[in-house]
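S.K.: Whatever this is, show me its structure:
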Amino acid sequence: MSRRSLTVAMFSILVLLSLGASQVMADGGDWMIRSRLIVISPDAQGTGELEGLDVDSDFTVEADLTYFFTKNWAIEGIAATSAHSVYFTESEGSDKASSREFSLGSVNLLPPTVLLQYHFLPDGKYRPYLGLGFNYTVFYDQTGALTELEDFDSSFGFAAQAGIDFMITDTMS
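M.R.: Numbering: from 1, shown residues only. Presented below is the predicted three-dimensional model:
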């Protein structure tokens, strides 16, 4: 099975599980499964000869699994994949009007992410939270001129999140 097929299969299973699961947020030891919309924003700034290289951001659906140590503290694992266009902007001097943008192709990212979260109001109707952690990004399926390059190097990166859960019932938000 190819890496892409495995990724799609795992992602599909997590999404289906999250659609049928109820969400519980109470004491330590509880689990939460959900799906939400996220943005993946690569930090890819070209330097030297590649100054002007840029990678666009992408909104995507993700599936996650959260384990609560206490009412306030939890650890979360996120699974998502996204596609990004890669551009090179050639500028002549400081005149931005004379710059030209070239598409180099696209690349897909698989950035599994782990975050430590703090939930501020775990018993309220509105439950804000913040999370900090890291991800390990794997690149696959390059297109266009990017296929001429060797595989992109996988890398670790910083991850942050802010969100709020709105309780619909005692077990669903």
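S.K.: Next, count neighbours for residue 119.
M.R.: Neighbourhood size, residue 119 [other Cβ atoms under 10 Å]: 23. The C-beta positions use only the backbone N, C-alpha and C, and glycine is treated the same way.
S.K.: now it, nearest residue through space, not along the chain?
M.R.: residue 129 (4.5 Å; Cβ to Cβ, 6 or more residues apart in numbering).
S.K.: mind listing the helices for this structure?
M.R.: Under the criterion DSSP state H, helices of the chain are mapped to 3-20.
S.K.: about what we covered before: go ahead and confirm the residue nearest to residue 119 touches residue 164.
M.R.: Yes - because the distance of 7.2 Å satisfies Cβ atoms under 8 Å, residue 129 is recorded as touching residue 164.
S.K.: of these two, who's got more company?
M.R.: Using other Cβ under 10 Å as the criterion, residue 129 and residue 164 rank with residue 129 on top: 21 against 13.
S.K.: quick revisit: what separation do you get for the residue nearest to residue 119 and residue 35?
M.R.: According to Cβ to Cβ, to the nearest Å, residue 129 and residue 35 sit 16 Å apart.
S.K.: ok, back up a step: and the gap between the residue nearest to residue 119 and residue 77?
M.R.: 15 Å.
S.K.: now residue 102
M.R.: Counting by Cβ to Cβ, the gap from residue 102 to residue 77 is 37 Å.
S.K.: For these two, work out which one has more neighbours and name it.
M.R.: Between residue 102 and residue 77, residue 77 has the larger neighbour count (other Cβ under 10 Å), namely 15 against 12.
S.K.: how near is the more buried one to residue 104?
M.R.: Counting by Cβ to Cβ, the gap from residue 77 to residue 104 is 32 Å.
S.K.: give me every residue that touches the residue nearest to the spatial centre of the chain.
M.R.: Closest to where the C-alpha atoms of the chain average out (Cα atoms, centre = their mean) is residue 40, at 4.5 Å. Counting by Cβ atoms under 8 Å, 6 or more residues apart in numbering, residue 40 touches 57-58, 60, 80, 82, 84, 109, 111.
S.K.: try it again with 6 Å
M.R.: 58, 82 (Cβ atoms under 6 Å, 6 or more residues apart in numbering).
S.K.: Bridged to it, which residues?
M.R.: Beta-bridge partners for residue 40, by DSSP bridges, are residue 58.
S.K.: wait, residue 131 sits on residue 117?
M.R.: Yes - between residue 131 and residue 117 there is a contact under Cβ atoms under 6 Å: 4.1 Å.
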